[in-house]
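Enquirer: here are the coordinates; sequence isn't available:
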């Protein structure tokens, strides 16, 4: 009899262990984070010389934050209008540099406005190891006037509405 009792206990323990393991493996995957509303981006770089204004570059699109505070989305077009070099976008999170982009893929939407040169698109979900409180965009180009090259930059900051 003691052997039958031991078998029953081991069988019950094995069945319980199997049920727990099976239940854990079938648990639902975590829900995908939801993005908040798009915050519009429109940064125009200008160069000045001899009483004239020159469009150097334009950054257009949007920034969105997820409700989990650890992810943000960029949907941006980097427009090179007359910048002597490719324009550059630096992205900061909570005041610290996080990513940078410089793109020229030939896509040139009407939003880029006047000037010439190529443009690039950045459509990306960017994970962050900590809590995203805000995102800053620093857009840079190089205005060339005759024999002088002058760096031009503008920035904008976007607060995460979920914290």
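Expert: Nice, I can see it. None of these values were measured; they are calculated from a predicted model. Numbering: from 1, shown residues only.
Enquirer: What confidence value was assigned to residue 6?
Expert: Confidence per residue is given as pLDDT, and for residue 6 that number is 54.
Enquirer: give me the low-pLDDT residue ranges for the chain?
Expert: Residue ranges of the chain with pLDDT under 70: 1-33, 106-107, 114-117.
Enquirer: How is it partitioned into domains?
Expert: 1-30, 39-159 (automatic domain parsing).
Enquirer: So which residues of the chain form strands?
Expert: Across the chain, reading from the start of the chain, the strands by DSSP state E fall at 39-49, 52-65, 71-80, 88-93, 96-101, 119-127, 134-145, 148-159.
Enquirer: Which among the ones you listed is found nearest to residue 108?
Expert: Taking Cβ to Cβ as the criterion, strand 119-127 is the member of these that comes nearest to residue 108, at 4.8 Å. For every residue, glycine as well, the C-beta is placed using N, CA and C.
Enquirer: For that closest one, name the packing helices and strands.
Expert: Counting contacts by 3 or more Cβ pairs under 8 Å, 6 or more residues apart in numbering; DSSP states H and E, strand 119-127 is packed against strand 71-80, strand 96-101.
Enquirer: Out of the ones you listed, which is the most enclosed?
Expert: strand 71-80 (a mean of 22; mean count of other Cβ atoms under 10 Å).
Enquirer: Now do it and strand 119-127, the angle between them.
Expert: With axes from the mean of the first three to the mean of the last three Cα atoms, to 10 degrees as the basis, strand 71-80 and strand 119-127 are set at 170 degrees to each other.
Enquirer: Run the chain-centre distance for strand 71-80.
Expert: Mean C-alpha position of strand 71-80 versus that of the full chain (Cα atoms, centre = their mean, to the nearest Å) differs by 7 Å.
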